[in-house]
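In: Just need the structure, nothing else, for what follows:
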Amino acid sequence: TIKEIFDESEKKGTAYEFYVKSGVYRIMGYLYREGILSDAEKLYSTKEMQKILPALAYINSSYAEDVTLEEASAKLSFDPSYFCRLFKSAVGATFTEYLNFVRVCKAEKLLSETDGSVIEISEAVGFSSVSYFNRVFKKFRGCTPRYYRATKTKGDM
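Out: Numbering: from 1, shown residues only. Predicted coordinates:
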């Protein structure tokens, strides 16, 4: 979705604003459903979201690497502290919270679709420590990665 939004805003085709807005609403709806946002309507700002779209695309494409706030803010030519405020205002989560959310979503897919170990998956999605991965995963999903895999596997049979 982020890539689609970014592509639309770059191409600026007919009615691209509607495509961008609908994509942003999809992302906001998902974040709202997952409990990351508490009041999506209050936090949503088209101008702010437009400004950080390249940062969201960067996170989506580079989540497995050592992604830093400094790199993301530099890509937009923003001061890091301004970028932090703008990001939090637009997304409703800090840069690190959003990055971890993306990583957990990618990890869920790998846990469901592969036989890789939890350590391998945590490294594949960009976590440098498996204990930190377990903590973050549990914060977002309410269970450990191992338990998530076990319940997803049983539910699919």
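In: From now on I want contacts and neighbour counts done on CA atoms only, so please keep to that.
Out: Will do.
In: lowest-confidence helix or strand of this structure?
Out: Lowest mean confidence among the helices and strands of the chain (mean pLDDT, DSSP states H and E): helix 40-43, at a mean of 50.
In: Give me the buried positions along the very next helix or strand once past that one.
Out: Per DSSP states H and E, helix 40-43 leads on to helix 46-62 as the next helix or strand towards the C-terminus. By 16 or more other C-alpha atoms under 10 Å, the buried positions in helix 46-62 come out as 48-50, 52-60.
In: how about the residues you listed in a markdown table, adding distance to residue 35 and pLDDT?
Out: Conversion of the buried residues of helix 46-62 to a markdown table gives the following (distance: C-alpha to C-alpha, whole Å; pLDDT from 0 to 100):
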| residue | distance to residue 35 | pLDDT |
| --- | --- | --- |
| 48 | 21 | 77 |
| 49 | 19 | 76 |
| 50 | 23 | 79 |
| 52 | 21 | 86 |
| 53 | 21 | 85 |
| 54 | 24 | 88 |
| 55 | 21 | 89 |
| 56 | 19 | 87 |
| 57 | 21 | 86 |
| 58 | 23 | 89 |
| 59 | 20 | 90 |
| 60 | 20 | 87 |
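In: Of those, which is the nearest to residue 17?
Out: residue 50 (10.3 Å; C-alpha to C-alpha).
In: all helices for the protein, in order.
Out: According to DSSP state H, the chain carries its helices in the segments 2-11, 16-33, 40-43, 46-62, 69-75, 80-91, 95-113, 118-124, 130-141, 145-156.
In: and those, which one is worst for confidence?
Out: Lowest mean pLDDT within those: helix 40-43, a mean of 50.
In: hang on, the earlier thing: so can I have a markdown table of the buried residues of helix 46-62 showing distance to residue 109?
Out: Below are these laid out as a markdown table (distance: C-alpha to C-alpha, whole Å):
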| residue | distance to residue 109 |
| --- | --- |
| 48 | 30 |
| 49 | 26 |
| 50 | 28 |
| 52 | 26 |
| 53 | 24 |
| 54 | 24 |
| 55 | 22 |
| 56 | 19 |
| 57 | 19 |
| 58 | 20 |
| 59 | 17 |
| 60 | 14 |
